[in-house]
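K.L.:
task: produce atomic coordinates for the following.
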Amino acid sequence: MANKAKMKPAKFMEWWLDPKNGKVGQPFTNKKTGKVGITRGFHSVTSGFNDVVQQYYGKTGKEFLEELVSKELVSIRPVSGVKGVMVYPFRQQSESRANDILSEMGLS
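P.N.:
Residues are numbered from 1 along each chain as shown. A predicted model of the protein is given here:
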């Protein structure tokens with residue numbers, strides 16, 4: 001079989017982070033507050049991301065995500081008590097946290 005060129009990681013992540021593909025941009029209800037929000041990221045394990053990366057690129061999801069984080073293509077956050085991480089479009093961490101809090105306070 002001919003060796004097919006692999007999709008560039010940036011294009012691969014563009015697909016995963018496009019709301020029309022159903023991995024992000026989905027409504028959810030916060031269990032604690034009951035507020036409805038829209039997902040901005042996806043879970044690396046439950047979404048099937050790690051399995052797809054392993055099959056397509058031959059790398060673990062962790063290796064692939066570390067590469068993407070170093071290239072500033074995505075941001076990741078650990079999920080407490082669960083294996084895997086949440087994957088988000090890249091944002092500077094210090095800015096995003098401050099912006100999130102200001103938004104919650106209605107100041108942005």
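
K.L.:
sketch out the strands for the protein, chain order is fine.
P.N.:
Using DSSP state E, the strands of the chain run over 27-29, 36-38, 42-43, 74-78, 85-89.

K.L.:
among those strands, which is nearest Ala5?
P.N.:
Closest approach to Ala5 among those (C-beta to C-beta): strand 74-78, 21.8 Å. Using the backbone N, CA and C atoms, a C-beta is placed for each residue, glycine as well.

K.L.:
for the closest one, the averaged confidence score.
P.N.:
For strand 74-78, the mean pLDDT works out to 94.

K.L.:
run through who's touching that strand.
P.N.:
For strand 74-78, the surrounding residues in contact (C-beta atoms under 8 Å, 6 or more residues apart in numbering) are 13, 17, 41, 44, 65, 68-69, 85-91, 93, 96.

K.L.:
10 Å - rerun?
P.N.:
Contacts with strand 74-78, where a contact means C-beta atoms under 10 Å, 6 or more residues apart in numbering, come from 9-10, 13, 16-17, 41, 44, 62, 64-69, 84-93, 96.

K.L.:
what of stretch 58-67?
P.N.:
Outside stretch 58-67, the residues that touch it by C-beta under 10 Å, 6+ apart are 6, 9, 12-13, 44-45, 47-54, 56-57, 73-76, 84-85, 87.

K.L.:
contacts only, for the residue most central in space within the chain.
P.N.:
Taking C-alpha atoms, centre = their mean, the centroid of the chain lies closest to Val87, which sits 2.0 Å from it. Residues in contact with Val87 (C-beta under 10 Å, 6+ apart) are 13, 16-17, 23-24, 40-44, 47, 49, 61, 65, 68-69, 74-77.
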